[in-house]
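>>> quick one: sequence plus predicted model below, questions after.
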Amino acid sequence: NHTRTLIISLKQCLMSLQLKEIPAVRALTGLKYIFGHGIGKLLFAILLSILGVAAYMGFREYKADHLYETDFLDVDWFRVWPNKNQCHLSRLPDLWAADWPTYPAANFVNGQAEPFQYADELLRPFAPPMTKGQTRLTRRLLQMFSDLMFSNGFGDRFFIMSGTLMGSFHHHDFIPWDDDIDLLIDVSVREKVRELLKTMEPEYMVGTLGVRDKLFAHIVHPPDSNEDIEMSRPIKNYKHGWPFIDLSYFTKNATHVNEILSRSRNVTFKLELVYPLYFRPFGQAWYPAPRDTLNFLRQKYGTAPTCRTLSYLHGKEKSIRYTSIPCKKLSNIYPFVEHKPCSKHSVINADGMILGEEKLTYLAEDKRKKEVHAFCTAVADGSAEASPYELKK
């Protein structure tokens, strides 16, 4: 069964890479008819596998050298399916090949002792709340969860949202002063997902808080609490640890998606804002996101051109007073993403999606904008152009 799956996958990959006109492929296709049975099929499978791997590696090398090229990019490749289509994903802009800024990190390890301690420096407005180790752990939790969902056919049942989606839109990464990951998951698969996560214990743990679940790592041993290691920290009076991923849930019908905020309160989005899901960049990986990210965020947060500090300390599960300033005032500290259409691509696909260019820039000391990286990604038609500092078109 595994061999059959591999062969089918490689055949699909070759077809999607459009290699039919390569002489070697034509010859190989001919062999398929020459070797119709038995050993012939085995030889055909082996040759097909070799060619598939060679084509894949050659394409990866080409793509790494052409991060900014869009002539071969198809908006349909960004669409999210229940299982990962590695052939399509491998053809998206290679985020590992892109340049990335070096974000500041907290020097003080949150959660060094019980009760949970916060240093004054962590409460400064817009200061990074996580250390390098805590940030790495949070990324690992997200990647693990994503891999688990896709490998079980649930890839189109979850997406990044709230601060994580805002971070993707404005920074291609975390909001630099955020301290968790936010995901929204189809509630109809909640119990199955919890069962799958239970199989990851004790390295990864799942707990429940109200209508949400918390995915976190094994709790750090007290003697190691001062070290910046990739383990979660205990939270006083709570069973889960931090850093964690906030797993929220939604219901869906033929017209709307309803985010479950409590047992009596939901937030409703039109179905076409959310589905079908499309991949968006978050750090050096692609994750499912709402079809129309800009208008989804506009509905949830409005269009004010302000950046707001944390209003909730997830490492303490406690609300705090927040402040806000115009996002543009932070552009010399943190880079922001500029949004515009890809100049050569205006073809709208069946889902109303086009290719939009997203350029990460910052304001240098000479007051000039400097580019960090740029690439094209899938955006809803009409939402390709937006301010880097606000949710306005």
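Sure thing, it's come through.

>>> I'd like to know how many residues surround A364.
A364 has 11 neighbours, counted by other CB atoms under 10 Å. (C-beta placed from N, C-alpha, C; glycine too.)

>>> wait, it sits on V372?
No. The criterion here is CB atoms under 8 Å, and A364 misses it with V372 at 11.1 Å.

>>> poorly predicted segments of the stretch 51-200 of the chain, please.
The model of the stretch 51-200 of the chain has pLDDT under 70 over residues 51-71, 110-123.

>>> where along it do the helices fall?
Listed in chain order, the helices of the stretch 51-200 of the chain (DSSP state H, counting those that start in this stretch) span 86-89, 132-151, 162-171, 190-198.

>>> in JSON lines: those, plus mean neighbour count.
Putting these into JSON lines (neighbours: other CB atoms under 10 Å) gives the following:
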{"stretch": "helix 86-89", "mean neighbour count": "16"}
{"stretch": "helix 132-151", "mean neighbour count": "19"}
{"stretch": "helix 162-171", "mean neighbour count": "23"}
{"stretch": "helix 190-198", "mean neighbour count": "15"}
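
>>> now distance to I219 too, for the ones you listed, in TSV please.
Below are the helices of the stretch 51-200 of the chain laid out as TSV (distance: least, CB to CB, whole Å):
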stretch	distance to I219
helix 86-89	34
helix 132-151	12
helix 162-171	23
helix 190-198	16
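
>>> N107: which of those helices is closest?
Checking those against N107 by CB to CB gives helix 132-151 as the closest, at 9.8 Å.

>>> residues touching the residue nearest the centre of the chain, list them.
Residue closest to the mean C-alpha point of the chain, counted by CA atoms, centre = their mean, is Y287 at 3.0 Å. Contact analysis of Y287 by CB atoms under 8 Å, 6 or more residues apart in numbering lists 142, 146, 159-160, 168, 279-280.

>>> can you rerun that using 7 Å?
146, 160, 279-280 (CB atoms under 7 Å, 6 or more residues apart in numbering).

>>> now K369
With the criterion set at CB under 7 Å, 6+ apart, K369 makes contact with 361, 363.

>>> and the contacts of stretch 307-314?
125-126, 129, 177, 179-180, 242, 319-320, 322-325, 327, 330.

>>> buried ones among those?
Neighbour counting by 16 or more other CB atoms under 10 Å classes 126, 129, 177, 179-180, 242, 327, 330 among the contacts of stretch 307-314 as buried.

>>> need these in a markdown table with distance to D74, can you?
Output for the buried ones among the contacts of stretch 307-314, formatted as a markdown table (distance: CB to CB, whole Å):
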| residue | distance to D74 |
| --- | --- |
| F126 | 38 |
| P129 | 39 |
| W177 | 36 |
| D179 | 36 |
| D180 | 34 |
| W242 | 40 |
| C327 | 32 |
| L330 | 35 |
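
>>> and these, which two are the farthest apart?
Within these, W242 and C327 form the most distant pair, 26.3 Å apart (CB to CB).

>>> and for L95, the neighbour number?
18.

>>> now the residue nearest to it when sequence neighbours are not counted. Its backbone dihedrals?
Spatial nearest neighbour of L95, chain neighbours left out: Q284 (4.4 Å); criterion: CB to CB, 6 or more residues apart in numbering. As for Q284, its main-chain torsions (degrees, to the nearest 10) stand at phi -100, psi 30.

>>> was I right about Q284 contacting W96?
Yes. Contact criterion CB atoms under 7 Å: Q284 and W96 qualify, at 5.1 Å.

>>> tell me which of the two has more neighbours.
Set Q284 next to W96 and count neighbours by other CB under 10 Å: Q284 wins out with 15 against 11.

>>> separation between the more buried one and D94?
Q284 sits 9 Å away from D94, going by CB to CB, to the nearest Å.

>>> distance of I245 relative to F145?
Distance from I245 to F145, counting by CB to CB: 6 Å.

>>> what residues do the two have in common as contacts?
With CB under 7 Å, 6+ apart, I245 and F145 have common neighbours L215.

>>> which residues sit against stretch 165-176?
Under the contact criterion CB under 7 Å, 6+ apart, stretch 165-176 has outside partners 103, 128, 160, 163, 178, 280-283, 289, 293, 297, 334-337, 360.

>>> put the alpha carbons of that stretch into CSV.
Extracted in CSV, the C-alpha atoms of stretch 165-176 (Å, rounded to 0.1, in the frame of the first residue of the first chain):
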residue,chain,number,x,y,z
LEU,A,165,-3.1,35.8,11.3
MET,A,166,-2.4,39.5,12.0
GLY,A,167,1.2,38.7,12.4
SER,A,168,1.3,36.8,9.0
PHE,A,169,-0.4,39.8,7.3
HIS,A,170,1.7,42.6,8.8
HIS,A,171,5.0,40.8,9.5
HIS,A,172,5.0,37.4,7.8
ASP,A,173,5.7,36.1,11.3
PHE,A,174,4.8,36.6,14.9
ILE,A,175,3.6,40.1,15.9
PRO,A,176,6.9,40.8,17.6
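
>>> give me the distance from that stretch to the chain's centre.
Relative to its parent chain, stretch 165-176 has a centroid offset of 10 Å by CA atoms, centre = their mean, to the nearest Å.

>>> cool, stretch 128-141 as well?
Taking CA atoms, centre = their mean, one finds the center of stretch 128-141 at 15 Å from the center of the full chain.

>>> and for stretch 187-204?
Mean C-alpha position of stretch 187-204 versus that of the full chain (CA atoms, centre = their mean) differs by 20 Å.

>>> stretch 210-219 now?
Between the centre of stretch 210-219 and the centre of its chain there are 19 Å (CA atoms, centre = their mean).

>>> endpoint to endpoint, it covers what distance?
End-to-end distance of stretch 210-219: 21 Å, with CA to CA, to the nearest Å as the criterion.

>>> identify the residues contacting that stretch?
With contacts defined as CB under 7 Å, 6+ apart, stretch 210-219 is touched by 137, 141, 145, 194, 197, 202-207, 230-232, 234, 240-249, 260, 262-263.

>>> among these, which are in helices?
Among these, DSSP state H puts 137, 141, 145, 194, 197 in helices.

>>> just the closest of the residues you listed to D224, please.
Within the ones in helices among the contacts of stretch 210-219, distances to D224 taken as CB to CB reach their minimum at L137, with 13.5 Å.
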